[in-house]
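In: A predicted structure for the sequence below; I have some questions about it.
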Amino acid sequence: MLNNKNLLIFILATGVFGILNTEMGFIGILPYIAERYDVTIVHAGLLISLFALGVAVAGPTMPLVFSRFNRKYIMLLVLGVFTVCNTISVFAEDFNLLLVVRVLPAFLHPVYCSMAFTVAAALAGAKDAPKAVAKINIGVSAGMVVGVPISNFLAENISLTASMSFFAITTFLVMLATAFLVPSMPAEGRLTYGEQLAVLKKPMVWASIFAVIFLNGSVFGVFNYLAEYLASVSGLSPTLVSLLLFVYGLCNIFGSMIAGNLLSSRPIGTVKIFPFFLGAVYLLFLLGGNAFPLVAVLTVFWGLLAGINANINQYWLSHAASEAPDFANGLFLTAANLGCMAGTAISGMFIEAWGTEYVVCGGLVFIVAAGIIFWSQCHKGSMNPALIPANEPV
């Protein structure tokens, strides 16, 4: 066993990558799945939507249930379930079986991710916790960026079986690394479930939940329509659309790196100024979304901001409920998913009413709401999570 903190954080980030790779990678192979199982693309889309629903439902509950157990064993359990289900997916001949083994691990997704954030922060200590959490978020971004193109490439150039095997191999390798390199990590300072749920009595926690919902909705509510926007409004070819989507994802990774330093040194300033930067990007999209050079530059800046966004969300809620870190990270995952769904719905309403070029209006509505909550919290000490130190015990 090794006790090198950087190595342990790397293994955790790789595990998060494997889980996010499983979640997002299916987006790249939906047409091939629809063809193999003779179902419509909409029906195949249940593999994506039901997985996301499982994550949203399990977010506040499953991390709470497993918070009292040895973290190493829980991580091995989660990775084992993902590996087994991914392996069954490779050989499943019935679509309904594929759907079951696809959705089942989704309920454990928040368990691993929540513990990864908690353990990374505790290993680094309160001062450097944002930097450690940023490394975990790099795993999240990499899973989202790499999963789709790799799965699509394997399915297109080798076979769907090879593509789906990639998911199983990734989680299996991380499971081996966890088994042999990660030391036992019994939960210290165990809280009862009632003590953890008690954080919901704090007005600051509820304000932070809504802040995260609006902030994440402001990013993903627009991003989920980005491919359509680039094609119909900016008039880009499919090749350029794919390239800009990939660039956006890579910038997410760099944004996470930047966020770790910003939240370690000046968290309040970062949170207060962030809505203005994101709002400015959306206003520029609204004014010049049909000009390719401007769109390309804005996509880079937007990608960086999206990486910072993920770290702000986790930082804000984990500090607001710092006495129950696993539960706090579960709340973060649920709030982020709710924001994604709400933002997508509102932005979709703007598209239906005025056209695709006005999708950013949904993002503007959400970022204004998020900014009001963040500024209100920052200017009222008892509501400001940045003034509360992170909980250190693992």
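Out: Cool, got the structure. Residues are numbered from 1 along each chain as shown.
In: so what's Phe254 up against?
Out: For Phe254, the contacting residues are 303-304, 307, by Cβ atoms under 8 Å, 6 or more residues apart in numbering. Where C-beta positions appear, they are placed from N, C-alpha and C, glycine not excepted.
In: Out of these, which is nearest to Gly255?
Out: The shortest approach to Gly255 among these belongs to Gly307, at 2.1 Å (Cβ to Cβ).
In: how close does that closest one get to Ile9?
Out: Distance, Gly307 to Ile9, using Cβ to Cβ, to the nearest Å: 17 Å.
In: More neighbours: which of the two?
Out: Gly307 (28 against 22; other Cβ atoms under 10 Å).
In: so the more buried one makes contact with Leu250?
Out: No: between Gly307 and Leu250 there is no contact under Cβ atoms under 8 Å: 9.5 Å.
In: With adjacent residues omitted, what lies nearest to Ile258?
Out: Ile308 (6.2 Å; Cβ to Cβ, 6 or more residues apart in numbering).
In: In which helix or strand does the one you found reside?
Out: helix 292-320 (DSSP states H and E).
In: Tell me which helix or strand in this structure has the weakest average pLDDT.
Out: Least confident helix or strand of the chain, by mean pLDDT, DSSP states H and E, is helix 41-44 with a mean of 73.
In: And the helices in the stretch 251-394 of the chain, which stretches?
Out: 267-288, 292-320, 325-354, 360-378 (DSSP state H, counting those that start in this stretch).
In: how near is His109 to Val84?
Out: From His109 to Val84 the distance is 15 Å (Cβ to Cβ).
In: actually Leu30, not the one I typed
Out: 23 Å.
In: for Phe66, same thing?
Out: Counting by Cβ to Cβ, the gap from Phe66 to Val84 is 18 Å.
In: now Leu364
Out: 44 Å.
In: if you count what's nearby, which of those two comes out ahead?
Out: Leu364 (20 against 16).
In: Surely that one is in contact with Tyr282?
Out: Yes: between Leu364 and Tyr282 there is a contact under Cβ under 8 Å: 5.2 Å.
In: Now do stretch 14-26: everything it contacts.
Out: By Cβ under 8 Å, 6+ apart, stretch 14-26 touches 33, 47-48, 51-52, 55, 75, 78-79, 82, 86, 102, 105-106, 109, 112-113, 116, 136, 139-140, 142-144, 146-148, 150-151, 163, 166-167, 170-171, 173-174, 177-178.
In: In helices only, show me those.
Out: Secondary structure assignment by DSSP state H places 33, 47-48, 51-52, 55, 75, 78-79, 82, 86, 102, 109, 112-113, 116, 136, 139-140, 142-144, 146-148, 150-151, 163, 166-167, 170-171, 173-174, 177-178 of these in helices.
In: Spell out for me the ChimeraX command that would select the buried members of those.
Out: In ChimeraX syntax, the buried subset of these is picked out as below (16 or more other Cβ atoms under 10 Å):
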select :33,47,51,55,75,78,79,82,86,102,109,112,113,116,136,139,140,142,143,144,146,147,148,150,151,163,166,167,170,171,174,177,178
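In: which residues sit against stretch 278-285?
Out: Residues contacting stretch 278-285 (Cβ under 8 Å, 6+ apart): 218-219, 222, 294-295, 298, 301-302, 305, 309, 360, 363-364, 367-368, 371.
In: distance of Tyr282 from Val57?
Out: 31 Å.
In: More neighbours: the two, which one.
Out: Between Tyr282 and Val57, Tyr282 has the larger neighbour count (other Cβ under 10 Å), namely 22 against 15.
In: Excluding sequence neighbours, find me the nearest residue to that one.
Out: Nearest one to Tyr282, counting by Cβ to Cβ, 6+ apart, is Val360 at 4.2 Å.
In: same check, this time on Ala296
Out: The shortest distance from Ala296 to any residue other than its chain neighbours is 6.6 Å, reached at Leu244 (Cβ to Cβ, 6+ apart).
In: show me the contacts for that neighbour.
Out: Contacts of Leu244 (Cβ under 8 Å, 6+ apart): 230, 236, 295-296, 299.
In: Tell me which residue is most central in the protein.
Out: Val140 (5.8 Å; Cα atoms, centre = their mean).
In: My guess is it contacts Asn311. True?
Out: No: here Val140 does not reach Asn311: they are 9.9 Å apart, not a contact under Cβ under 8 Å.
In: Common neighbours of those two, please.
Out: The contact lists of Val140 and Asn311 share Ser256, where a contact means Cβ under 8 Å, 6+ apart.
In: Got the domain ranges for the chain?
Out: 5-181, 193-387 (automatic domain parsing).
In: And the ones you listed: which comes nearest Ala187?
Out: In terms of Cβ to Cβ, the element of the domains of the chain nearest to Ala187 is domain 5-181, at 5.6 Å.
In: Would you work out how far apart the start and end of the closest one are?
Out: 11 Å (Cα to Cα, to the nearest Å).
In: How far off centre is it?
Out: Here domain 5-181 is found 11 Å from its chain centre; the criterion is Cα atoms, centre = their mean, to the nearest Å.
In: Can we start the residue count at 424 from this point?
Out: Sure thing, new numbering starts at 424, so read that last one as domain 428-604.
In: and the residue nearest to the centre of the chain, how far is that from Phe755?
Out: With Cβ to Cβ as the criterion, Val563 and Phe755 are 12 Å apart.
In: Also Arg525?
Out: For Arg525, the distance to Phe755 - Cβ to Cβ - is 24 Å.
In: one step back: pLDDT value on the residue nearest to the centre of the chain, please?
Out: The model reports Val563 with a pLDDT of 81.
In: residues contacting the nearest residue to Lys428 once chain neighbours are set aside?
Out: Nearest non-adjacent residue to Lys428, counting by Cβ to Cβ, 6+ apart: Leu546, 4.7 Å away. Counting by Cβ under 8 Å, 6+ apart, Leu546 touches 428, 431-432, 555, 817.
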